[in-house]
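**Q** For reference, the sequence and a predicted model appear below.
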Amino acid sequence: MFHFWQHNSQIIILDETPGRLIRFTQHGAVGDNTAMASGDAMRAASANTGKKDGDPQMDTNTQSDTGAQGGLAALDAAVRRDLDIIRYPRKEWVPAMERDGQRVLDVAIIGAGQGGLATAFALKRNNITNVRIFDRASRGGEGPWVTFARMITLRTPKYVTGPDLGVPSLTPRSWYEAQYGAPAWEKLDKIPRGQWQAYLDWYRDILDLPVANDHDFQGVTWEGGLLRLTFARPDGTTHVHYARKLVLATGIEGCGAWNVPDFIRESLPRARYAHTSEAIDFAALKGRRIGVLGAGASAFDNAATALEEGVGSVTLCLRRKEIPSINPYRWMENTGFLAYYPALSDDLRWGFMRRIFELNQPPPQDTFWRCRKHASFSYRTGCPWTAVRMEGDEIVVESPTGEMRFDFVIVGTGFTTDLARRAETRSFAASVALWGDHYTAPAGSESAVLESYPYLGANYQFLPRSKDDPLAPMLANIHNFTFSATPSMGLSGASISGMRFGVERLAHGLGRDLYVADGQKHLESLLAYNVPELVSLDPPVA
């Protein structure tokens, strides 16, 4: 089977059976890159997502003739049947509330990426249906997958499940096989990032999840025992919604901001640097010398993308003396850690997270090779940048290994956890308890980074620094399902690997809180219940 798509001036053909990748230009074939075929094949499968930052658009007419009988239509029917079979109980049970003429949401979710969608599905399965998901992006642009993510595939193994919450017909595998067939799935190494976004779009539609796009969350206040949420719309209007519960599912940087070191931000013109999380016009950098600062996978992803788009050279610099090689996420993929980590003592949780953060996440092997195959790529270990300056039209970087000169720099230095820097959390940031408030690390085990993370309750809720804080009741109803929940709760909303366990834990806690808060109403409902089961004392009619 062949897939065809166009990328820049090249026509690319993927012969799926032997795994050969052939590129054609106006002058004919330019090579069969068999060694990189698996990675480029993943890129090829980025269907229906649009071309972003050099990600090629695959021809949408590539459904395999070996796909499951009926394709997606049959899978859609299977999903509906499966959900109907396991749908018990079926009654909605949360009492309705109103404020200012509008129905109060039982749960508002900020972020319509994988964590927000899966949380809404888990609530729906628990018959909590008065839920809405808000996202500032337009439809299809939620999360990183078709915006600033520049890897070819996900970094997690293809067999990892998560949003499906244990429903086989909802898994990425079922979705993929319905379109391309089981043999194609067997040949697949990892899921292409564009395909992951397409899967999430399908997931949202088949489950009929209530997403309000183009709603930029401006903040929350506490009014009369309810959360007052303010949103800005693209037309300049402001919308207000009230909710009993708020879930922040805003991803990796959801409780902070992407980090650009001060010495770079203060020394270079804004047009001469970019963070890996930003849109980058790589086409405008053709032939230029690029410096990349960072050791993580995203730094390598950006380096590779720049090289593929024809920059003159890329030099990647990292502070560490060696490129990280051990991925702690693979160790964490066991039921014990994923399900029960939150029950550990503070001492143990600190020990786990200090080690995990210390290891960092290395670039996957195929990502490293994606860079290394280019003769114009180099990297320097033990090479922190100590200063930068403009000298004429050149960027001069100083480091312990010597001076370097670039035309543009890309910063892959991650993010900073700081609640005061986010609109979602700014109004209550000063009241939130952090790990540094709750725990004193033993000598030699200190970590200023871990100390900056919020110290959460058992249901991902923020806790107050002081029990007498007037915002304490509000914090109890705001649930942090971002990456910053990791030290307290383990892998959760910003991680596919831990999603199944985290989502179900969160949904259970939200439901429990709502039921307890309405306990008196439920008792009154029972006392008033008078629907007869036995309706006749006569003999049955023959």
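**A** Perfect, I can see it now. Numbers count the residues shown, from 1 in each chain.

**Q** For residue 305, give its distance to residue 217.
**A** Plainly put, residue 305 is 30 Å away from residue 217 if you go by C-beta to C-beta, to the nearest Å. To be clear about C-beta, it is placed using only N, CA and C from the backbone, and glycine gets the same treatment.

**Q** What is the distance between the helix or strand hosting residue 74 and the centre of its chain?
**A** Using DSSP states H and E, residue 74 sits within helix 71-85. In terms of C-alpha atoms, centre = their mean, to the nearest Å, the centre of helix 71-85 is set 26 Å apart from its chain centre.

**Q** same question, stretch 170-179
**A** Distance, stretch centre to chain centre, for stretch 170-179: 20 Å (C-alpha atoms, centre = their mean).

**Q** Any chance you could list what contacts it?
**A** 63-64, 67-68, 70-72, 74-75, 78-79, 82, 158-159, 161, 163-164, 168, 184-185, 188, 191, 195-196, 199, 202-203, 206-207 (C-beta atoms under 8 Å, 6 or more residues apart in numbering).

**Q** low-confidence ranges in the stretch 101-250 of the chain?
**A** Along the stretch 101-250 of the chain, segments meeting pLDDT under 70 are nowhere present.

**Q** Might you report the residue contacts of residue 421?
**A** 256, 257.

**Q** err, residue 447, not the other one
**A** Taking C-beta under 8 Å, 6+ apart, one finds 350, 354, 357, 441 in contact with residue 447.

**Q** Look at the closest residue to the second one other than its chain neighbours and report its pLDDT.
**A** Leaving out its chain neighbours, the residue that sits closest to residue 354 by C-beta to C-beta, 6 or more residues apart in numbering is residue 447, at 5.5 Å. At residue 447, the model reports a pLDDT of 97.

**Q** Kindly report the same for residue 497.
**A** If you check residue 497, the pLDDT there is 88.

**Q** Now do the buried residues in stretch 123-134.
**A** 123, 124, 125, 126, 128, 130, 131, 132, 133, 134 (16 or more other C-beta atoms under 10 Å).

**Q** should've said stretch 327-346
**A** 327, 328, 329, 332, 337, 338, 339, 341, 342.

**Q** I'd like the distance between the first one and residue 157.
**A** Which is residue 327. Applying C-beta to C-beta to residue 327 and residue 157 gives a distance of 11 Å.

**Q** before we move on, back to that, of the contacts of residue 447, closest to residue 528?
**A** Nearest to residue 528 out of the contacts of residue 447 is residue 350 (C-beta to C-beta; 50.4 Å).

**Q** State the distance from the closest one to residue 187.
**A** 43 Å.

**Q** These two: which is more packed in?
**A** The residue with more neighbours, out of residue 350 and residue 187, is residue 350; 22 against 14, by other C-beta atoms under 10 Å.

**Q** my read: that one touches residue 451, true?
**A** No - the criterion here is C-beta atoms under 8 Å, and residue 350 misses it with residue 451 at 9.8 Å.

**Q** Common neighbours of the two, please.
**A** residue 435.

**Q** what about residue 503, neighbour count?
**A** 27.

**Q** Which helix or strand contains it?
**A** helix 499-517.

**Q** Then residue 320?
**A** Under DSSP H and E, no helix or strand contains residue 320.

**Q** residues contacting it?
**A** Listed by C-beta under 8 Å, 6+ apart, the contact set of residue 320 reads 295, 381, 382.

**Q** Show me which of those are buried.
**A** By 16+ other C-beta under 10 Å, the contacts of residue 320 give residue 295 as buried.

**Q** can you put the contacts of residue 320 in CSV and add pLDDT, distance to residue 392 and secondary structure?
**A** Formatted as CSV, the contacts of residue 320 follow (pLDDT from 0 to 100; distance: C-beta to C-beta, whole Å; DSSP: H, G, I helix; E, B strand; the rest coil):
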residue, pLDDT, distance to residue 392, secondary structure
295, 91, 30, coil
381, 97, 29, coil
382, 97, 28, coil
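
**Q** between the contacts of residue 320, which is nearest residue 485?
**A** Checking the contacts of residue 320 one by one against residue 485 (C-beta to C-beta), the nearest turns out to be residue 295, at 24.0 Å.

**Q** Now do the same contact list for that closest one.
**A** 318, 319, 320, 323, 324, 360, 362, 412.

**Q** Roughly how far does it sit from residue 129?
**A** Relative to residue 129, residue 295 is positioned 45 Å away (C-beta to C-beta).

**Q** if we can go back for a sec, next step: the buried residues of stretch 123-134 restricted to strands.
**A** Among the buried residues of stretch 123-134, DSSP state E puts 131, 132, 133, 134 in strands.

**Q** Show me what the last one is bridged to.
**A** Yep, that's residue 134 we're talking about. Per DSSP bridges, the residues bridged to residue 134 are residue 110, residue 212.

**Q** what about stretch 484-495, start to end distance?
**A** Stretch 484-495 stretches 11 Å from its first residue to its last (C-alpha to C-alpha, to the nearest Å).

**Q** ok, residues contacting that stretch?
**A** Residues outside stretch 484-495 that contact it (C-beta under 8 Å, 6+ apart): 114-116, 119, 249, 251-252, 254-256, 329, 332, 337-338, 341-342, 349-350, 353, 417, 435, 450, 453-456, 460, 481-483, 497-499, 501-503, 505-506.

**Q** Can you tell me which of those end up in strands?
**A** Filtering the contacts of stretch 484-495 for strands - DSSP E - leaves 256, 417.

**Q** contacting residues around stretch 80-87?
**A** For stretch 80-87, contacts defined as C-beta under 8 Å, 6+ apart pick out 125, 167, 168, 169, 170, 206.

**Q** again, only using 10 Å
**A** Contact with stretch 80-87 is made by 90, 121, 124, 125, 127, 166, 167, 168, 169, 170, 206, 207, as judged by C-beta atoms under 10 Å, 6 or more residues apart in numbering.

**Q** Would you mind putting those residues into a markdown table with distance to residue 108 and secondary structure alongside?
**A** Compiled in a markdown table, the contacts of stretch 80-87 are given as follows (distance: C-beta to C-beta, whole Å; DSSP: H, G, I helix; E, B strand; the rest coil):
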| residue | distance to residue 108 | secondary structure |
| --- | --- | --- |
| 90 | 24 | coil |
| 121 | 16 | helix |
| 124 | 15 | helix |
| 125 | 18 | helix |
| 127 | 18 | coil |
| 166 | 25 | coil |
| 167 | 25 | coil |
| 168 | 30 | helix |
| 169 | 28 | helix |
| 170 | 24 | helix |
| 206 | 22 | helix |
| 207 | 18 | coil |
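
**Q** Can you select the buried ones from these in PyMOL?
**A** With 16+ other C-beta under 10 Å as the criterion, this PyMOL line picks the buried residues out of the contacts of stretch 80-87:
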select buried, resi 121+124+125+167+169+170+206+207
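
**Q** Out of the contacts of stretch 80-87, which comes closest to residue 376?
**A** residue 170 (43.6 Å).

**Q** Residue 508 touches residue 479, doesn't it?
**A** No - between residue 508 and residue 479 there is no contact under C-beta atoms under 10 Å: 11.8 Å.

**Q** out of these two, which sits in the busier spot?
**A** residue 479 (27 against 13).

**Q** Give me the secondary structure label for that one.
**A** Here residue 479 is recorded as strand under DSSP: H, G, I helix; E, B strand; the rest coil.

**Q** What separation is there between it and residue 313?
**A** 46 Å.

**Q** repeat for residue 193
**A** For residue 193, the distance to residue 313 equals 26 Å [C-beta to C-beta].

**Q** Which residue comes closest to residue 332 once chain neighbours are left out?
**A** Nearest one to residue 332, counting by C-beta to C-beta, 6+ apart, is residue 491 at 6.1 Å.

**Q** Please enumerate the helices of the stretch 1-150 of the chain.
**A** Listed in chain order, the helices of the stretch 1-150 of the chain (DSSP state H, counting those that start in this stretch) span 37-44, 71-85, 114-125.

**Q** Same question for the stretch 251-400 of the chain.
**A** Using DSSP H, counting those that start in this stretch, helices in the stretch 251-400 of the chain cover 262-265, 297-308, 328-332, 335-340, 346-359, 365-372.

**Q** any idea which of the ones you listed scores lowest on pLDDT?
**A** helix 328-332 (a mean of 90).
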